[in-house]
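*Asks:* give me a 3D structure for the following:
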Amino acid sequence: MIRIVLASRLGERRWTQKKLAQETGIRAATINELYHEMTDNISLEKLDKICKALKCSPGDILVMETDDLLASGVPQRQKK
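*Replies:* Below you'll find the model as predicted:
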């Protein structure tokens, strides 16, 4: 599962949703949906604007979690 972790990135930079909306020109309602992970998609254009504003890469905003992690809540150790 891929998650949008915008809330973490904004917290690290001490940015508000409002500031990100102002910097990117993306509607505040859209930023709020991304922030609260209430959407399951994001346009490449919006992702590009967010990454430029936060000076990060898409991999800093989008993270993939494995099914093992989702099922147990704890990452599974790799077998050697």
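*Asks:* only C-alpha atoms for contact and neighbour calcs from this point on.
*Replies:* OK.
*Asks:* just checking, what packs against the longest helix along the chain?
*Replies:* Longest helix of the chain, by residue count under DSSP state H: helix 44-54. For helix 44-54, the packing partners by 3 or more CA pairs under 8 Å, 6 or more residues apart in numbering; DSSP states H and E come out as helix 17-24, helix 58-61.
*Asks:* for that helix, which positions count as buried?
*Replies:* L47, K49, I50, C51, L54 (16 or more other CA atoms under 10 Å).
*Asks:* helices and strands of the chain: which one bottoms out on pLDDT?
*Replies:* Ranking every helix and strand in the chain by mean pLDDT, DSSP states H and E puts helix 67-72 at the bottom, with a mean of 58.
*Asks:* helix/strand/coil for L34?
*Replies:* helix (DSSP: H, G, I helix; E, B strand; the rest coil).
*Asks:* ok, so of the buried residues of helix 44-54, who is nearest A21?
*Replies:* I50 (8.9 Å; CA to CA).
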